[in-house]
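S.K.: Just a sequence and a predicted model for now, questions to come.
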Amino acid sequence: MKPGVFEALSKEDKARGDFWKALLLKLGLRVAEEEQAVPALSGIHISSATPSAVSKALSSWRANAVTTDNETYVKGEADTFHVQKEASAWSMGALTKAALEVLEGATNDSETAANEEEPIQDYGEAIKELVPHESAFPSSKDTPYFNHASFFEHLKAYKSSTPDSQHHQAMGELLMYAEVVTSTSTLLVK
C-alpha cells in the first residue's frame, strides 16, 4: 500500500459511514444511530461428540506448535493461536498478563483521556485463543449463544436418517465455534 493511503482513507471514514447509513435507511433497513465499538475477539471453542477427535486435532497441529513458558502456541499461515489448557480458562501466564495490562492501563489513564480517538487494534496480528474441550462440551456460560450438546444430538439424528456414506459420517465430527473472529475464510483455508 502506498504511504499516506491509510491516512487519506481515515480522513473520509465518517463521510463514508454516513453515506452507507443514508443508503441503508433509503432501502428501508434499520441502522444504529450511534457508532458501534469494534467487538473484542472471542475464544475459538473446539468440541466433538467424540472427545478423541479434539485430541487428535490438537496432536495433528503439533508440527506447527511452539511451547513457551509452559504455554502452547500454534502458528498458521495467517494467524497465531494460543492453546488454552482445558482444566483452566485462566492459566497462570494469562493471569499475569491480564494483571500487567490492568496495571499498565491504570498508569496510562491520563494518556488515554488526552487522546479522544484511539486507533483500532490490528486484530489480524492478535494471538487468537483456542479453547479445546476434550472431556465435555462447553458450558452455557462459555458459549451462551450456541448449545454444543444440542448441535451434536441433531447432527447424530441427521446422520442416522441419511444414506450411509463416508462423507456424511465424517461431517461435523469436529466443531470450531467462536462468536467474534477476524476472518472465517482465513481460519478455515489457511
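M.R.: That came through, no problem.

S.K.: Check for me that residue 14 belongs to a helix.
M.R.: Yes. Counting by DSSP: H, G, I helix; E, B strand; the rest coil, residue 14 is located in a helix.

S.K.: gap between it and residue 35?
M.R.: Per CB to CB, to the nearest Å, residue 14 is found 9 Å from residue 35. Bear in mind the C-beta positions are built from the backbone N, C-alpha and C, glycine included.

S.K.: same check, this time on residue 8
M.R.: From residue 8 across to residue 35, the span is 20 Å (CB to CB).

S.K.: got it, and residue 155?
M.R.: Applying CB to CB, the value for residue 155 to residue 35 is 39 Å.

S.K.: out of the two, which sits in the busier spot?
M.R.: residue 155 (16 against 9; other CB atoms under 10 Å).

S.K.: Distance check, the closest residue to the more buried one other than its chain neighbours against residue 125.
M.R.: Nearest non-adjacent residue to residue 155, counting by CB to CB, 6 or more residues apart in numbering: residue 172, 4.6 Å away. Applying CB to CB, one obtains 31 Å for the distance of residue 172 from residue 125.
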